[in-house]
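1. Following is a predicted model, sequence given first.
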Amino acid sequence: MLNYWKSSFLTELSDDAIDTMIARFARCPTPMGQLIMEHFHGAVTRVGVSDTAFPYRSEGYNFLVLCEWLDRRDNDRCITWTRETYAQMEPSFGSFRYVNYLDDDDMGEPVVAAYGPNYRRLQQIKSKYDPKNFFRMNQNIQPLA
């Protein structure tokens, strides 16, 4: 199975965001495509912003565009739908991203956005325990120079 996804937190679950989701889902090129809303609430909102690496602690929703397909000939069509859906949802997005949903084409600023105010502290930790950046094959936190 092949897949491609993009994700960001919504500033609010607005009527415009819902209308865009409905319109875009109607154009999904595969029966295995999904638009997922993850509700962040409860215990996750009672953890301090700097208590873990993940800083987003407000109640809200993470929006995930997930496209899955079986035939490599559908790669361009499915990836394009995902990117276009994400782009049309961008006016509804806040500044936070979820690092586990970043893809290979989400390097640099999206990684910083995923860790938000904790990025600098994580860089300091990375500098201490991995100064040569050996563990870099993920959505990398760059050690301090």
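-> That came through fine.
2. quick one: low-confidence ranges for this protein?
-> In the predicted model of the chain, residues 107-108 satisfy pLDDT under 70.
3. the longest strand in it is where?
-> The single longest strand within the chain, with elements called by DSSP state E, is strand 60-69.
4. what comes up buried for that strand?
-> By neighbour count with 16 or more other C-beta atoms under 10 Å, strand 60-69 contains the buried residues Gly60, Tyr61, Asn62, Phe63, Leu64, Val65, Leu66, Cys67, Trp69. C-beta: built from backbone N, CA, C; applies to glycine.
5. cool, and stretch 123-137?
-> Gln123, Lys126.
6. picking that back up, buried residues in the following helix or strand past the longest strand of the chain?
-> Downstream of strand 60-69, the first helix or strand assigned by DSSP states H and E is helix 75-89. For helix 75-89, a neighbour-count test (16+ other C-beta under 10 Å) marks Cys78, Ile79, Trp81, Thr82, Thr85, Tyr86, Met89 as buried.
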